[in-house]
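>>> got a sequence here, can you build the structure:
(one chain, ligands or ions: 2)
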Amino acid sequence: MQTKIEHNFLKSEKGQLADKILRNCVHCGFCTATCPTYQILGDELDGPRGRIYQIKEMLEGAAVTKDTLLHLDRCLTCRACETTCPSGVEYGHLLEIGRSEVEKRVKRSLAQRILRKVLLNVLPFSNRFNTLLKMGQVFRPALPNVLKKQIPKKVKLAELSLKAHKRKMLILDGCVQPSLSPEINHATRQVLNALDIELISFSGCCGAINQHLSDEKNALAMIKNNIDRLISQFDNGLEGIVMTASGCGAMFKDYPHLLRNDELYKEKAKLVADKTFDLTQVINTEELKTKLNVTQENIAVHTPCTLQHAQKLPMNIEAIFSSCGYQLSSIKDKHLCCGSAGTYSITQPKLSEQLREQRLSGLMVDQPDLIVTANIGCLHHLNAGSTVPVRHWIEIIAEDLK
Ligand code: SF4
Ligand code: SF4
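Ligands and ions are numbered 1, 2, ... in the order given. Sure thing, here's the model as predicted:
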């Protein structure tokens, strides 16, 4: 695609990157066919190729309107389009530039500004989120069903007897996960203990919420803080960091891109990304299957976009389950996003519900007894609309340990 990016913007590193990405696009439109928002809305401007055009026009100096903001806001950042694109267009990185530019040129409504402020001031802070969730749990019995499904019951976790092991890794606690689903990291500790890996908690937020809400400054501050703390832990002999939420894993693996212009941090960011592992990458399946007594079957796997499209690990969960002897049910349209997508279910509730219905119908074709996934956001979003339980895959493995 030919481009005529505005001279001043083209002089910047972001301008050059956007130009390079845009020039790779041959506007074939293959990506449009796999875009979840295009499938639902049927408007070219709500598909990847249309969004690429809108970003191109904005960077070339065309007027930007609230419509541009809307079409970019409706993008899930699921990156299914990247998986489909035969020309290797880095749509996600282009969108990031497009969003930060549109944010500077179009003023959001007051309601949107307040909502985004609230999200930024609550979600990345586990203590604040925990306080709010506890209040919700107190009033849960009196709430209507629709809201009840959004607030999980308090869980009581059994005491674990874990051993010290030679192999030691960190495990990210994350921001909302310790309060919403503490059972996930609890189950992970059980399973990795059986595989002779000791886990040490690493607190904090990966920075994805701020990054996705165009709060770049605070996102970078969080990322640098994480990197400094991680490097000192790696220096102490810890092997790497395990991610039980694929969204956080994808974010950690993107640190080198986000810090590419920072002389002080760019090498450290690469080291952190190299030592970041999705939980599926840490499991030794041969060893694991000797420790299991498989009791559960007819399981549908929902692979989060952050695992299949961002981390390019599309079949890892299925491979572990199949090798261990679990029976998986067939599903349709594996590439589709469930509509959770970070804060999307809050900022785009209607579309997010439609996407969930569509995803659930693809997961339920074989009438599974259970759906498993690998990301806290997908788990709670799907669970709120599902007729069968939705759980993290590691919980099933932990329950079947001999
Ligand atoms: S598939 Fe790739 S090259 Fe084709 S229009 Fe989409 S982004 Fe451009
Ligand atoms: S990231 Fe997802 S929603 Fe956004 S354009 Fe690509 S396929 Fe569509």
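
>>> list the contacts for C248?
L172, G174, C206, A208 (Cβ atoms under 8 Å, 6 or more residues apart in numbering). Where you see a C-beta, it was placed from the backbone N, CA and C, and this is true even at glycine.

>>> that one and ligand 1: what is the separation?
Applying Cβ to the nearest ligand atom, to the nearest Å, the value for C248 to ligand 1 is 26 Å.

>>> likewise for C75?
13 Å.

>>> relative to ligand 1, which of the contacts of C248 is nearest.
A208 (23.0 Å; Cβ to the nearest ligand atom).

>>> pretty sure that closest one contacts G342?
Yes - at 6.3 Å, A208 and G342 qualify as touching, with contact defined as Cβ atoms under 8 Å.

>>> the two: which has the busier surroundings?
A208 (27 against 20; other Cβ atoms under 10 Å).

>>> what's the nearest residue to the more buried one if we skip its chain neighbours?
Ranked by Cβ to Cβ, 6 or more residues apart in numbering and with sequence neighbours excluded, the top spatial neighbour of A208 is M251, at 4.2 Å.

>>> need the pLDDT of the one you found.
Residue-level confidence at M251 comes out at 97, pLDDT.

>>> do the same with I227
98.

>>> if we can go back for a sec, name the residues contacting each of A208 and G342.
With Cβ under 8 Å, 6+ apart, A208 and G342 have common neighbours G247.

>>> on that earlier part again, may I see the contacts of C248 organised as CSV, with pLDDT and distance to ligand 2 added?
Output for the contacts of C248, formatted as CSV (pLDDT from 0 to 100; distance: Cβ to the nearest ligand atom, whole Å):
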residue, pLDDT, distance to ligand 2
L172, 97, 24
G174, 90, 23
C206, 95, 19
A208, 95, 15
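
>>> just want the most central residue of this structure.
For the chain, G247 is the residue whose C-alpha lies nearest the centre (Cα atoms, centre = their mean; 2.4 Å).

>>> show me the contacts for that residue.
Neighbour list for G247: C206, A208, P304, T306, G342, N375, I376, G377 [criterion: Cβ under 8 Å, 6+ apart].

>>> identify the farthest-apart pair in the residues you listed.
With Cβ to Cβ as the measure, no two of these lie farther apart than C206 and P304, at 14.2 Å.

>>> shaky segments in the chain?
Within the chain, the segments meeting pLDDT under 70 span 146-147.

>>> coming back round to it: for ChimeraX, write a command that selects the buried ones of the contacts of C248.
In ChimeraX syntax, the buried subset of the contacts of C248 is picked out as below (16 or more other Cβ atoms under 10 Å):
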select :172,174,206,208
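
>>> helices of the stretch 1-150 of the chain, start to end?
Counting by DSSP state H, counting those that start in this stretch, one finds helices in the stretch 1-150 of the chain at the ranges 7-11, 13-24, 36-41, 48-59, 66-73, 80-84, 91-105, 110-122, 126-139, 145-148.

>>> related to what we said a few turns ago, looking at the contacts of G247, spot the one nearest ligand 1.
Nearest to ligand 1 among the contacts of G247, with distances taken as Cβ to the nearest ligand atom, is T306, at 19.5 Å.

>>> outside of the longest helix that the chain contains, which residues touch it?
The longest helix of the chain (DSSP state H) is helix 216-235. By Cβ under 8 Å, 6+ apart, the residues outside helix 216-235 that reach it are 100, 120, 124, 170, 200, 202, 204-208, 210-211, 240-241, 252, 255, 258-259, 265, 268-269, 271-272, 275.

>>> run through the residues that contact the residue nearest to D67 when sequence neighbours are not counted.
Closest residue to D67 apart from its sequence neighbours, by Cβ to Cβ, 6+ apart: L45 at 7.7 Å. Contacts here follow Cβ under 8 Å, 6+ apart; on that basis L45 touches R51, Q54, D67, H71.

>>> now do stretch 85-96: distance to the chain's middle.
17 Å (Cα atoms, centre = their mean, to the nearest Å).
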